[in-house]
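Engineer: sequence? don't have it. structure:
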């Protein structure tokens, strides 16, 4: 459930307080020093709990930003999504190679960048961790709109038997991965066919994945699912299947479908089915 709009806006005011802003500045400074390879012993006296505080603040921003976007205030939600993604990248990007927890935070950061419209930053961020899990590989291909690679990665999940599962955590993660794969596969079908029910079916898959993530206490997966739902909703709103019909005639379906398919194939000429 999203946070009520006024409560989300009030939370953003609190997260913009001077003390919190100072933490943001420390986080950015620390990130720059790590990027240039400065030795940690030469760092200034940052807050000893800086990483934990910034991670907490990032998810507060993420909760408020997602809630605003989910309640049709995209303009108000974009900035907190971008700042949340930046904080998670600052804190966890340097540790993603050795920590599975940090890799999840970086995946969330990449998806938040994308949901905020910062597509280049999303591509760069997810590149560092996409090889780590099947879900990350699928989401990365989806973000880049690399259809051939996306289908290959979907097949790796949907056309194989489940891997060895040692405990309930492994089972939960596999169920969530399959649900994410099905949702993305159905969304891909929508891209090619424009079937209006496809995105509803995809969203239902993600709702089921969210239930598993919540019941199994997998907060990172819950955030991945929530952000992917936002991304698919945005896909529907900006799709040519929904944007272009006013520019076609009343019996537009066939001509619109031909136009979209030709555009995807890089064809310049569109043949009309209208009779002279």
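Structural biologist: Thanks, I have it. Since the model is a prediction, treat every value here as computed from it, not as a measurement.
Engineer: can I assume residue 112 is in contact with residue 79?
Structural biologist: No. Using Cβ atoms under 8 Å, residue 112 makes no contact with residue 79, being 11.5 Å away. Backbone N, C-alpha and C define where each C-beta goes, glycine included.
Engineer: so what sits against both of these two?
Structural biologist: Both residue 112 and residue 79 are contacted by residue 65, under the criterion Cβ atoms under 8 Å, 6 or more residues apart in numbering.
Engineer: okay, the two: which has more neighbours?
Structural biologist: Set residue 112 next to residue 79 and count neighbours by other Cβ atoms under 10 Å: residue 112 wins out with 31 against 14.
Engineer: so who does the more buried one touch?
Structural biologist: Neighbouring residues of residue 112 by Cβ under 8 Å, 6+ apart: 62, 65, 81-82, 84-85, 88, 227.
Engineer: and of those, the nearest to residue 126?
Structural biologist: Checking the contacts of residue 112 against residue 126 with Cβ to Cβ, the nearest one is residue 85 at 10.9 Å.
Engineer: which strand or helix spans the closest one?
Structural biologist: Assigned by DSSP states H and E, residue 85 falls within helix 74-92.
Engineer: show me where the stretch 101-250 of the chain has its helices.
Structural biologist: Here the stretch 101-250 of the chain has its helices, by DSSP state H, counting those that start in this stretch, at 119-127, 134-144, 147-158, 168-193, 196-215, 219-238, 240-243.
Engineer: in a markdown table: those, plus mean pLDDT, distance to residue 40 and mean neighbour count.
Structural biologist: Output for these, formatted as a markdown table (pLDDT from 0 to 100; distance: least, Cβ to Cβ, whole Å; neighbours: other Cβ atoms under 10 Å):
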| stretch | mean pLDDT | distance to residue 40 | mean neighbour count |
| --- | --- | --- | --- |
| helix 119-127 | 93 | 23 | 18 |
| helix 134-144 | 93 | 28 | 22 |
| helix 147-158 | 95 | 37 | 16 |
| helix 168-193 | 93 | 33 | 19 |
| helix 196-215 | 93 | 34 | 18 |
| helix 219-238 | 90 | 26 | 20 |
| helix 240-243 | 65 | 50 | 14 |
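Engineer: who wins for proximity to residue 102 among those helices?
Structural biologist: If we rank the helices of the stretch 101-250 of the chain by Cβ to Cβ, the stretch that ends up nearest is helix 219-238, at 10.3 Å.
Engineer: distance of the residue nearest the centre of the chain relative to residue 16?
Structural biologist: Central residue check for the chain by Cα atoms, centre = their mean: the C-alpha nearest the mean position is that of residue 111, 2.7 Å away. Per Cβ to Cβ, to the nearest Å, residue 111 is found 23 Å from residue 16.
Engineer: wait, the residue nearest to the centre of the chain touches residue 229, no?
Structural biologist: No. At 10.4 Å, residue 111 does not count as touching residue 229 under the criterion of Cβ under 8 Å.
Engineer: before we move on, back to that, just the buried ones from the contacts of residue 112, in ChimeraX syntax?
Structural biologist: To isolate the buried members of the contacts of residue 112 in ChimeraX, using 16 or more other Cβ atoms under 10 Å:
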select :62,65,81,82,84,85,88,227
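Engineer: which ones are touching residue 93?
Structural biologist: By Cβ under 8 Å, 6+ apart, the neighbours of residue 93 are 31, 102, 106, 109, 125, 128.
Engineer: make CSV from these and add distance to residue 117 to it.
Structural biologist: Putting the contacts of residue 93 into CSV (distance: Cβ to Cβ, whole Å) gives the following:
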residue, distance to residue 117
31, 22
102, 25
106, 19
109, 14
125, 14
128, 21
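Engineer: from those residues, which has minimum pLDDT?
Structural biologist: Within the contacts of residue 93, residue 128 has the lowest pLDDT, namely 87.
Engineer: apart from its chain neighbours, what residue comes closest to that one?
Structural biologist: residue 96 (5.5 Å; Cβ to Cβ, 6 or more residues apart in numbering).
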